[in-house]
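In: Coordinates for the following, if possible.
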Amino acid sequence: MKQISMTAGKIAELVKGTVCGDPERTITGISGIKDAAADQLSFVGNKKYEDQLGTSAAGIVLVCKDLANASTENRTLIVCDNVDVAFAKLSAMYADEPPVYPVGIHPSAVVDPSAKIGKNVSIGANAVVEAGAEIGDGAIIGALCYIGHDAKIGAATLLYPNVTIMFRCTVGAKCIIHPGVVIGADGFGFVPGPQGLIKVPQTGIVTIGDDVEIGANTTIDRARFGKTVIKSNVKIDDQVMVAHNVVVGESSILVAQTGIAGSAELGRGVILGGKAGINGHITIGDGCQVAGTSSVARSLPPGQIVIGTPAESQREFLARVALPKKVQKLDAKIKELEAKLAELAK
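Out: The predicted model follows:
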């Protein structure tokens, strides 16, 4: 992490925040709220974590508007409209420089003569680029990556080590794909026959748009026919499973261990919480949010927020969760009334 000296006043200018306390308070680095020292900046973006603010040693803290009146004893606060965005901007300034990947093809890499390699491309040790593949300008292919026959990798895309892009699949420009990702494995297709299960050929491909990031060990299966589609600006966490013929709309977020069954279609800006499950052949409308560990069995109209298994609206979920307690209270009331009736009968 870089050491850069900045005053609270200068930081407030950069993040368009308001200083509460000493504008000349100076820090040289950033850290988490629990670990930050007096010469470091940290953040608290939600009032429910106010207790962490009180126990932190951080010299400067970015806070949300709900914490604008918090104590400035031993620290300076900077009130921001969006704490997460402000801290991300500062994190980029203080982050160490990323590794430099040498331009060229490592001697141990295997690149078919028919592959088209763009300008300023880096291909790491023991990587394999098959016949007919295309690598765009400025792309980085990490060590031990596999680029299948006729696959295409867009300009300035980064493939970390051990990424597999199977035959004919395409990845757009400026994507980041983390280790262990497999794009274009066969979709899970079998039908029962007289001799047992018969494999259904998976003849389609996967297409990934621009500016997509895919977390470690995520798998995206090729279509049975046609395409499995991940549109531009989608962000996918680690260990996510996307089945054949799924479509994921622009700017959607898929959190860790999410599973999407075959031929489901997600609209623009959909958010799936961790371990959420989406049934096959349904549609999730634009802007829908699915809470972690929820299971969606039916299509959702745009803008829905759902929770639980099977997934339902927040109001329905809370009503169902509260029902047992209501029944317990009702049962107690009935027993009380029965006792009073028994007394009257005497």
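In: Quick check: chain neighbours aside, which residue is closest to Ser313?
Out: Excluding its sequence neighbours, the residue lying closest to Ser313 (CB to CB, 6 or more residues apart in numbering) is Val306, at 6.2 Å. (C-beta placed from N, C-alpha, C; glycine too.)
In: my guess is that neighbour contacts Ala297, does it?
Out: No - counting by CB atoms under 8 Å, Val306 does not reach Ala297; the two are 10.4 Å apart.
In: thinking again about what came up before, return the residues in contact with the residue nearest to Ser313.
Out: Counting by CB atoms under 8 Å, 6 or more residues apart in numbering, Val306 touches 288-291, 294, 296, 300, 312-314.
In: Which among the residues you listed count as buried?
Out: 288-291, 294, 296, 300, 312 (16 or more other CB atoms under 10 Å).
In: How is the protein partitioned into domains?
Out: 6-94, 104-313 (automatic domain parsing).
In: Return the longest helix in this structure, judged by number of residues.
Out: helix 314-345 (DSSP state H).
In: buried sites along it?
Out: Phe317.
In: just checking, what packs against that helix?
Out: With contacts taken as 3 or more CB pairs under 8 Å, 6 or more residues apart in numbering; DSSP states H and E, helix 314-345 sits against strand 305-307.
In: partners of the strand it packs on in the sheet?
Out: Strand 305-307 sits in its sheet next to strand 289-290 (parallel), strand 312-313 (antiparallel), going by DSSP bridges.
In: And for the helix or strand just after the first one, what's in contact with it?
Out: Stepping forward along the backbone from strand 289-290, the first helix or strand reached (DSSP states H and E) is strand 295-296. With CB under 8 Å, 6+ apart as the contact definition, strand 295-296 has outside contacts at 276-279, 282, 284, 290, 306, 308-311.
In: weakest of the strands paired with strand 305-307 in terms of mean pLDDT?
Out: Note on the strands paired with strand 305-307: lowest mean pLDDT is at strand 312-313, with a mean of 76.
In: how about the helices in the stretch 151-300 of the chain?
Out: Assigned by DSSP state H, counting those that start in this stretch, the stretch 151-300 of the chain shows no helices.
In: Using JSON lines, please lay out the domains of the chain together with distance to Gln328.
Out: What follows is the domains of the chain, written out as JSON lines (distance: least, CB to CB, whole Å):
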{"stretch": "domain 6-94", "distance to Gln328": "29"}
{"stretch": "domain 104-313", "distance to Gln328": "21"}
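In: Low-confidence ranges, this protein, go.
Out: Counting by pLDDT under 70, the chain contains low-confidence residues at 314, 318-323, 326.
In: at 90 instead, please
Out: Within the chain, the stretches with pLDDT under 90 are 1-2, 53-54, 71-74, 97-98, 195, 308-346.
In: ok, Asn74 to Thr55 distance?
Out: Plainly put, Asn74 is 11 Å away from Thr55 if you go by CB to CB, to the nearest Å.
In: out of those two, which sits in the busier spot?
Out: Taking neighbours as other CB atoms under 10 Å, Asn74 and Thr55 compare with Asn74 leading, 12 against 8.
In: so who does that one touch?
Out: Asn74 neighbours (CB under 8 Å, 6+ apart): 38, 57.
In: Phi first, then psi, for it.
Out: Asn74 adopts backbone torsions of phi 70, psi 10, taken as degrees, to the nearest 10.
In: how close does it get to Ile33?
Out: 14 Å.
In: returning to what we had before: show me what the residue nearest to Ser313 bridges to in the sheet.
Out: Beta-bridge partners, per DSSP bridges, of Val306: Val290, Ser313.
In: same thing with Ile208?
Out: Taking DSSP bridges as the rule, Ile208 bridges to Val171, Ile230.
In: That one and Lys174 touch, don't they?
Out: No - if you go by CB under 8 Å, Ile208 and Lys174 don't touch, sitting 11.2 Å apart.
In: So which of these two has more stuff around it?
Out: Each of Ile208 and Lys174 has its neighbours counted (other CB under 10 Å); Ile208 has more, 28 against 18.
In: Next up, the contacts around that one.
Out: 169-172, 175, 183, 214, 220, 230.
In: 7 Å - rerun?
Out: Neighbouring residues of Ile208 by CB atoms under 7 Å, 6 or more residues apart in numbering: 170-172, 175, 230.
In: wait, which of those is closest to Val19?
Out: Cys175 (38.7 Å; CB to CB).
In: Roughly how far does the closest one sit from Val212?
Out: 5 Å.
In: repeat for Ala297
Out: To Val212, Ala297 is 27 Å away according to CB to CB.
In: Neighbour count: the two, which is higher?
Out: Val212 (24 against 11).
In: hang on, isn't the more buried one packed against Lys231?
Out: No - with contact defined as CB atoms under 7 Å, Val212 does not reach Lys231; the gap is 8.1 Å.
In: Look up the closest residue to Thr203, ignoring the ones flanking it.
Out: Phe225 (5.2 Å).
In: Settle this for me: that neighbour is touching Gly204, isn't it.
Out: Yes - when contacts are counted by CB under 7 Å, Phe225 is listed as touching Gly204 (4.9 Å).
In: ok, the two, which is more surrounded?
Out: Gly204 (20 against 14).
In: Nearest spatial neighbour of the more buried one, chain-adjacent residues omitted?
Out: That would be Ala223: by CB to CB, 6+ apart, it lies 2.7 Å from Gly204.
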